[in-house]
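Asks: Build me a model from this:
(2 chains)
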Amino acid sequence: MGVRELEAEVDRQTQRSRGHLARALARLARKKIAVVCMVSLAVIYSAGIFAAWIAPYDYTAQDYTVIRKPPSYVLDQGIGGFWTESHFAGTDRAGRDLFTRVLWGIQNTVILTLVAMLTGGIMIGVSLGLVAGYYGKRVDGFIMRIGEVFASFPDIFLVIIIAATLRPRILDWARALEDRFDLLDGLVRIGIVDYFVVSIALVGFGWIGMARLVRGQILYLKETQYIEAARANGASTARILSRHLLPNAIAPIVITVSIGMGAYVGTEIILSWLGLGIQPPRPSLGTMLLEGGHISVIREEPWMLLTPGIAAWLLILAWNLLGDALNDVLNPRTR
Amino acid sequence: MWVYIVKRLLWLPLLLLAASFITFSLGRFGPGDPVRVMLGNRYDEQTAQRIRHELGLDRPFLAQYGDYIWNFAQGDFGESFRYRGQPVRDLVIRKMWVSAQLAIAAMVISLGVGLPLGFFIAHRQGRWEDPASVTVALVLMSVPVMVSVPALLWTFCLKLHWVPCSGWGGLFDPRILVPAITMGVPGIAGLTRLMRASTLDVLGQDFIRTAHSKGIGQMTVNSRHVFRNALIPIVTILAFSLAGLISGAFITETILGIPGIGRFAVESVFDRDYPVIMAITLIGAGAFVLANLLADVAYAFIDPRIRYQ
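Replies: Predicted coordinates:
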């Protein structure tokens, strides 16, 4: 076989193998449940993010003529009325539209969990895991020991402590900033403090699992021959980390992100349920569930629990099912 | 092996020191005055000063921390700020016993459903029952506690009138039903998947084929050989659940008014009851490390190929 034919053969081979990730995506697209999850997540996330445009009412608007209206799906006012007139998801005891409030609640949850995952899980978690796994020895011991300290707190106790103790401090700082700079007026009113507190609390516990996972992957990968070959070729540490190690560890990272998002959503809802998250009058799924969960409310107006409850449940479920599907597709052992 | 165990045990005090320092500084530097919470409407500056002095809250931060650690090392957790005159140790032990009963009931549900289900679907690999079971378990697991507790109350209390709507009466009181289901059901998904994987592992082994070729009936092979061997890895997982006994369920206990450690922990954060927060952190962290160690040792014990350095 001549050199030219050999090159052509190599070209054909590379064209045929579309890469690990592309093949995994193709397998994912064949899984109906994964596609349904991704579509629902896209819908829920965009509904939350564009709440200001979609929501038919203002989230604080009270209409005393329709207090405690049960959800109705009757299209007696035409298609337009379905959205604007009928409070189709019901109203609460103050006559506020539940659909509107759920949308705004989803917005808070969605933004907070995305921010926490990007900073805590992906940026801090992945980079610390990479460093720990690659350098090993002292560095590894140090990072993993710190992780163990954070992980040793019972359940989400650390998150609760952080949120409870930091809030008033950060609120003071934000007020001081407002006083100092006129430009920043309204900082507290738009709820930036709540966002900040919850993100910090979520990041505090979110990075550990990811760091551990990435570290384990790197420990295994760095012993492989192609890393040795890269090093022998004179590749720099940064290049080995970014071009060789990280891309090969991407599959478990993707699975962890998906399942982790479900856990973040759950934790955010718990925080606002405890009164440590987004503060009223801004609606949050947690406070809505708190209002809807009282025994007198579930006796008389169960939809006050059901409307936000279904939203929260769908959000968590979609992430968990997607994580499960990704695990099937990406994990070579279960395939 | 022994070296490994000793090393891990030596790390325990350091970990507790670090965890307690984080909690202590968050408590002291965060605002919110325990004395103010304690006195409530009867607050006046003089009494507050006196109580602060009594509790040592006016001393420098590091001195307070040093004192706490010194007393803790001698087994003294201090007195609760909220429940004056009651040693934290007694309070915590009483609450932990409640949570432990709850955790046992929850575990009975998780194991009782998860193990048979996992075993069953391992035999149905590739058929519709296999993915369907895991999906159903995930669907149930994803319901937030704040939704599942009221929903269960609606069913069992308002509609069926089986149980009163809140309260606590111990392990053999019907009121344990709602919290046990709430806490037990989320565990089913994980256990089912573990049991499925473990059973599949055993089914592929040579000794199962041997058992079949000896002419032993399907039932006997399943119960004597497959089920027993599949349980081994599960047992080690249960060690982790020991740590769960301590942390309890913050939300479930808070909603249902169960006097367990989870509700106590949440209350202590809102009351700024520092000695209680510290005690719960330290006990929880200690239990976590010991449970991890126990699981590691159990793994090595069961699988001699595993070596720790």
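Asks: ranges for the helices of the stretch 101-250 of chain A?
Replies: A:127-135, A:137-151, A:157-180, A:192-221, A:225-232, A:237-239, A:246-248, A:250-273 (DSSP state H, counting those that start in this stretch).
Asks: any low-confidence regions in chain A?
Replies: A:1-21, A:72-86, A:183-190, A:332-335 (pLDDT under 70).
Asks: ok so, going back, switch the helices of the stretch 101-250 of chain A over to a markdown table; also include distance to A:Pro56.
Replies: (C-beta placed from N, C-alpha, C; glycine too.) Listed next are these as a markdown table, based on distance: least, CB to CB, whole Å:
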| stretch | distance to A:Pro56 |
| --- | --- |
| helix A:127-135 | 43 |
| helix A:137-151 | 43 |
| helix A:157-180 | 32 |
| helix A:192-221 | 25 |
| helix A:225-232 | 56 |
| helix A:237-239 | 51 |
| helix A:246-248 | 45 |
| helix A:250-273 | 23 |
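Asks: out of these, nearest to B:Phe207?
Replies: Comparing those against B:Phe207 with CB to CB, the closest turns out to be helix A:192-221 (30.3 Å).
Asks: Switch the helices of the stretch 101-250 of chain A over to CSV; also include distance to B:Ile251 and mean neighbour count.
Replies: Shown next, in CSV, are these (distance: least, CB to CB, whole Å; neighbours: other CB atoms under 10 Å in any protein chain shown):
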stretch, distance to B:Ile251, mean neighbour count
helix A:127-135, 30, 21
helix A:137-151, 20, 16
helix A:157-180, 10, 18
helix A:192-221, 16, 22
helix A:225-232, 45, 12
helix A:237-239, 44, 11
helix A:246-248, 37, 16
helix A:250-273, 6, 23
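Asks: Columns distance to chain B on top of the ones you listed, output as JSON lines?
Replies: Shown next, in JSON lines, are the helices of the stretch 101-250 of chain A (distance: least, CB to the nearest CB, whole Å):
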{"stretch": "helix A:127-135", "distance to chain B": "17"}
{"stretch": "helix A:137-151", "distance to chain B": "4"}
{"stretch": "helix A:157-180", "distance to chain B": "3"}
{"stretch": "helix A:192-221", "distance to chain B": "10"}
{"stretch": "helix A:225-232", "distance to chain B": "23"}
{"stretch": "helix A:237-239", "distance to chain B": "26"}
{"stretch": "helix A:246-248", "distance to chain B": "24"}
{"stretch": "helix A:250-273", "distance to chain B": "6"}
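Asks: so A:Val131 sits right up against A:Val139, yeah?
Replies: Yes: counting by CB atoms under 8 Å, A:Val131 touches A:Val139, with 6.3 Å between them.
Asks: ok, back up a step: nearest to A:Ala42, out of the helices of the stretch 101-250 of chain A?
Replies: Of the helices of the stretch 101-250 of chain A, nearest to A:Ala42 by CB to CB is helix A:250-273, at 13.5 Å.
Asks: what helices or strands is the closest one leaning on?
Replies: If you count contacts as 3 or more CB pairs under 8 Å, 6 or more residues apart in numbering or on different chains; DSSP states H and E, helix A:250-273 packs onto helix A:20-30, helix A:98-116, helix A:157-180, helix A:192-221, helix A:285-292, helix A:303-330, helix B:145-153, helix B:250-256.
Asks: go again using 7 Å as the cut-off
Replies: Packed against helix A:250-273 by the contact rule (3 or more CB pairs under 7 Å, 6 or more residues apart in numbering or on different chains; DSSP states H and E) you find helix A:98-116, helix A:157-180, helix A:192-221, helix A:285-292, helix A:303-330.
Asks: nearest to B:Arg28, of those?
Replies: Closest among the helices and strands packed on helix A:250-273, once you apply CB to CB, is helix A:157-180, at 9.2 Å.
Asks: For that closest one, which helices and strands make contact with it?
Replies: Using 3+ CB pairs under 7 Å, 6+ apart: helix A:157-180 touches helix A:192-221, helix A:250-273, helix B:2-29, helix B:261-271, helix B:274-302.
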